[in-house]
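Enquirer: got a sequence here, can you model it:
(chains A and B, ligands or ions: 2)
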Amino acid sequence: MAEGWPKQRQVLGSKVPRLDGAAKATGRARYTYDINRPGMLHGVMVRCPHAHARIKAIDTTATRKTPGFRALTLIGASRDVVITAIDGNKLTCTPAGKKKAPDERISIEVGEGVTLIKNLKVVTLRDIQPGDRVTIEAEQWVIGRELFYAGDEVAAIAADTEEHARDAARALRIDYEVLEHVVSEDEVLKDRKKRTVPAPSNFTEAKGATQGDVEAGFREADAVVEATYGVPVISHQCLEAHGLVAEWTAEGGLTVWASTQATVSTAQQLAARFGLPAAKVNCITHYMGGGFGSKFGPDVQGFAAAELALRAGAPVKIMLDREGEIVAAGNRPSAIGTVKIAGKKDGTITAYAVDCYGTPGYTGGATVNLNLLPYVYSDAIANWKRSHAVVYVNAGAARAMRAPGHPQNCVLTEFAIDDLAARLNIDPVIIRRKNLPPNNPKAPPNSWAARRNTIYNEQIDIALQLSRWKEKWHPPGKGNAQGPLRHGIGMALHTWGGFAAAQPNECYVIIGRDGSIIARTSTQDLGTGQRTVTAVVVAEVLGQNPASIITEIGESRFGLSSGSGGSTTCPSQAPAALRAAQAARDDLFKKVAPKVQADPKDLAIEAGKVVDRKSGRSWTWKEFCARLGMEEARGRGEWSLGIANEPGNENISSGQVGGVQVAEVTVDVETGLVRVQHLVAVQDCGLVVNRLTCESQVAGGVIMGLNYALFEECIRDRATGRQLNADMEFYKLGGLGDMPKITVHLQDMPERGVIGVGEPPVISTAAAVGNAVFNALGVRVPFLPLTPWRVLQALAQGGKVS
Amino acid sequence: MSQPKQTGRDGITRRGFLTGSGLAAATVGTLSSTAPAALDPSSAATPIAFGPAPVRLAFTVNGRPVQVQVEPRVTLLDALRNYLDVTGCKRVCDRGTCGACTVQVDGRAVYACTLLAIEARGKDIRTAENLAQGDTLDAVPAAFVRCDAQQCGFCTPGFVMALRAALDKNPRATVAELEQAVAGNICRCGTYEQMRQAIAQLVRKEG
Ligand code: FES
Ligand code: FES
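Expert: Ligands and ions are numbered 1, 2, ... in the order given. You can find the predicted model right below:
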């Protein structure tokens, strides 16, 4: 059992402005995109313009002659081999590495279009002998390569300027055999045998599960509603594009500046690719311009930048352009589901059945979180059935996006609840309360399982009050009309984990004899405020001002950390910082105590001073640290899910949260325009470390959810298979003027320890807005985003909900 | 094209910049000169053409006179970021739809990705870096820090510059006017709620 959070708190839980705020707001913070290294080359990606094609021929001659051209690499054209024989310029080799197929013989004639790399250097035939392990990249090896979406990477090119790199890319001649493509889910549903993707067919039979007797549940109900709801594919739209700057060091190491959510794993992946010890690769992410789940490794362009840097003997930067960013760097998958829900007048849901599908692009898995359907309420609903089918299309592969699967689950559940409430003629809050998961009296007292029913009920109370639900709610479509404007209010619930990561997270704290304090960790701050969180924790333990802590973060060489996904960073890193600071403090006491004739056990930090409780003596921090002499005090802290789960540690970090959101909207029935007027977000967040940035996280999640609700959708052209809005003008994101007033209520539960809240607040916003629009119109607009066109269409059809 | 007259440090006079600037956009890439373009600043009647070879340009960035040699197709944004290492202006959409690259050109808020560098010759360019002098922070970024009107911060210099320009134009700008000033800026992290608080503070303090 570890020493827990300090009982008396000075800074923990207060509002601390982010330490790097001024640097970021004045443009002095250097993001990956801003790195300019001496002699750095600029790289660009060449992408397939067709939604499905095969490379027939390639000619790089013109490209290699363009001004400023420095290096080119073809994606999928290189192989690691062991040379078995050399005959003139003909090489015979076998595949090297894990996938070794001993009988496979590769022969290649070395000439133009063939690059040989040995020991991380470009070499000629003369430099190699039988037995050597080399990497061969041969232009001819891309012939026949199949490309599965418009935007699939074909090549990467580096030149002295970005302009020259683009010229060189334009000069690349590639002949494609254009193949049949599909980009919309409904076309696949019409012909399930179709195959335009790597899987055996574009349609994969549904997987599912059942509990109880769904048919009986439908029979015993007072009302049954069946409808189809859906959310589209959307884009992460990180403002800082994916990309990295790669620089080989004179010692054969590799330094990369990467826009990543995972410095450590990015370095490890690059080390593995180039056969380097992991310690020889350093991945630097001091500042990061948004990831939202899409940035977990070097990616194709990152490996390519390192390849090009190797060949050109100069640093290379590749940042994706906006179109590449949207088509190739991940997206959130769609989900369309037919839901049948049944309930009684008292609000009990007697049965819920969902049959859904969605597309993750040309490859990937389920597009909802199937194990959590029906969402939030599954433990209270006796009878349910769920199934999900994956539909592949010729589009870039989906990636995790802020609470993967949950916003989709939320829509497929919460829309149905309000439609059922309307049929039962009751306030939907009655259904929500009635079907909340029960408390489990056998679970540990502070755990989610023990308290979830109570937590949700409290949250609903708070949300009702902050939104003035009782005076504002009316039966759907029965509110006061002001000219063409209809008023509506809607609610939705969500849940999320937010536990510490399974992988170890380290933090180091170093106290100098001048009293300076360094907190060092390899973790990255994506904008979550993690840098400041680390400083707040260390400052709390050592009785200092957070602004005085020197934070060194975002370099893989600083130790172990996990990728920032699943809202795991704060619950992993805050406890690691806590333990590191405690250990550094203890080391300080141990080293200085003999010099001041005290027992380390009697020493404590109070109000920024070190006190000897026995003698009553005290020293200022600087005075005390000065006694370190030539030494420094050091502490290492580690945290992970395994440590968090040890008995007695549940007050340090835990997980599982709930949240409730209420949206109030006005809908113009003439123009179809939806305006959200007010959004209330009640979020359970355990122990709050920094209230200022925690509130920002919640409000930011809500705003992203509002964008899902009103604006966002990737639109792909059936004829060409290309995305029509791979940009920022037709892929709409809201501006300041589109945003409602947002009321954030953090439901503190310090006894539950630190819990991550990056993801949960994004989940239920769109469902709450959709329900508010239903409440305004009395007609369901079943598909997001709630564009004027969709609203008018739903009104025209009278909202067919059978 | 006639011989350049040796005037000024880089052979181009300020008057030459001004006569050239109006034509720049129309003549980009129409000339096949391979040497850095030679300009005749003395005759307004001579159409000035640039490129495709690099052109030497001069302007001031945050009060510092700078020279840069770039092809005429290079935007002000890329000239600043790639050639002058001034990276406070961010490149996001690169086509005038997000506001992340907002800078002040002679005081006006301009999307640096929509202006060619040659159009900025002789002008006074200010970027977000200008808003901190030593330890003193301009009121706009200071309000952003206080209210936490930023998360990843990649959009932030653009918002800050748009507000700075609006307040320079009218130090008594209203909340509505300041909201209007950032209507073209996009933030993906969703910092608008905190930004409203920052704007309210700026209005109370009159910029
Ligand atoms: S980068 Fe200039 S407006 Fe987006
Ligand atoms: S703070 Fe990240 S985009 Fe605005």
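Enquirer: hey, let's count contacts and neighbours off CA atoms from now on
Expert: Fine.
Enquirer: let me see the contact set for the residue lying closest to A:G347 once chain neighbours are set aside.
Expert: Here the nearest residue to A:G347 in space, its sequence neighbours aside, is A:I431; by C-alpha to C-alpha, 6 or more residues apart in numbering or on different chains that works out to 4.3 Å. By C-alpha atoms under 8 Å, 6 or more residues apart in numbering or on different chains, the residues touching A:I431 are A:346-349, A:417, A:421.
Enquirer: just the residues you listed: which are in helices?
Expert: Secondary structure defined by DSSP state H assigns A:417, A:421 of those to helices.
Enquirer: now the buried members of the contacts of A:I431.
Expert: A:347-349, A:417, A:421 (16 or more other C-alpha atoms under 10 Å in any protein chain shown).
Enquirer: which residue is nearest the middle of chain A?
Expert: The central residue of chain A, meaning the one whose C-alpha is nearest the mean C-alpha position (C-alpha atoms, centre = their mean), is A:G293 at 1.6 Å.
Enquirer: pLDDT below threshold where in the chain?
Expert: You didn't say which chain, so I picked chain A. Counting by pLDDT under 70, chain A contains low-confidence ranges at A:1, A:98-102, A:799-802.
Enquirer: correction: the question concerned chain B.
Expert: For chain B, applying pLDDT under 70 flags the ranges B:1-48, B:206-207.
Enquirer: flag every residue of it that's near ligand 2.
Expert: Within chain B, the residues that sit near ligand 2 (C-alpha under 6 Å from any ligand atom) are B:150-156, B:187-189.
Enquirer: now with 8 Å?
Expert: Contact residues (C-alpha under 8 Å from any ligand atom) of chain B with ligand 2: B:149-156, B:186-191.
Enquirer: just the buried members of the residues you listed?
Expert: With neighbours counted using 16+ other C-alpha under 10 Å, the residues of chain B next to ligand 2 contain these buried positions: B:149-156, B:186-191.
Enquirer: circling back: closest to ligand 2 out of the buried ones among the contacts of A:I431?
Expert: A:I417 (33.8 Å; C-alpha to the nearest ligand atom).
Enquirer: hmm, back to that, with the residues of chain B next to ligand 2 in mind, which one is nearest to A:T263?
Expert: For A:T263, the nearest member of the residues of chain B next to ligand 2 is B:C152. The distance, counting by C-alpha to C-alpha, is 16.3 Å.
Enquirer: how many neighbouring residues does the residue nearest to the closest one when sequence neighbours are not counted have?
Expert: Once flanking residues are discounted, B:C152 sits nearest to A:G527: 3.5 Å by C-alpha to C-alpha, 6+ apart. Using other C-alpha atoms under 10 Å in any protein chain shown, A:G527 has 22 other residues around it.
Enquirer: surely A:G527 is in a helix?
Expert: No: when the secondary structure is assigned by DSSP: H, G, I helix; E, B strand; the rest coil, A:G527 falls in coil instead of a helix.
Enquirer: my guess is it contacts B:C155. True?
Expert: No: contact between A:G527 and B:C155 fails when scored by C-alpha atoms under 8 Å: they sit 11.3 Å apart.
Enquirer: mind checking which helix or strand the residue of chain B found nearest ligand 1 is in?
Expert: Closest to ligand 1 within chain B is B:G96: 3.4 Å, counting by C-alpha to the nearest ligand atom. With the criterion set as DSSP states H and E, no secondary-structure element contains B:G96; it sits in neither a helix nor a strand.
Enquirer: need the contact list for B:A181.
Expert: By C-alpha under 8 Å, 6+ apart, the residues touching B:A181 are B:162-163, B:166.
Enquirer: who wins for neighbours among those?
Expert: Looking at these with neighbours defined as other C-alpha under 10 Å, the largest count falls to B:A162 at 32 neighbours.
Enquirer: ok, now which ones touch that residue?
Expert: Residues B:102-103, B:109, B:181-182 are the ones in contact with B:A162 under the rule C-alpha under 8 Å, 6+ apart.
Enquirer: quick check, B:Y83 in contact with B:E71.
Expert: No: the criterion here is C-alpha under 8 Å, and B:Y83 misses it with B:E71 at 11.1 Å.
Enquirer: which one's more surrounded, the two?
Expert: Each of B:Y83 and B:E71 has its neighbours counted (other C-alpha under 10 Å); B:E71 has more, 24 against 17.
Enquirer: now the more buried one: closest residue in space that isn't a chain neighbour?
Expert: In space, B:E71 is closest to B:P54, 3.9 Å off (C-alpha to C-alpha, 6+ apart).
Enquirer: next, the one you found: phi, psi?
Expert: Reported as degrees, to the nearest 10, the phi and psi values for B:P54 are phi -60, psi 150.
Enquirer: does it really touch B:V68, like I thought?
Expert: No: here B:P54 does not reach B:V68: they are 9.2 Å apart, not a contact under C-alpha under 8 Å.
Enquirer: what segments of chain B are helices?
Expert: With DSSP H as the criterion, chain B has helices spanning B:14-27, B:76-78, B:139-147, B:156-169, B:175-181, B:192-204.
Enquirer: what angle do the fourth one and helix B:139-147 make?
Expert: Using axes from the mean of the first three to the mean of the last three C-alpha atoms, to 10 degrees, the direction of helix B:156-169 lies 130 degrees away from that of helix B:139-147.
Enquirer: buried residues of helix B:156-169, list them for me.
Expert: Buried residues in helix B:156-169, counting neighbours by 16+ other C-alpha under 10 Å, are found at B:156-167.
Enquirer: all set, thanks.
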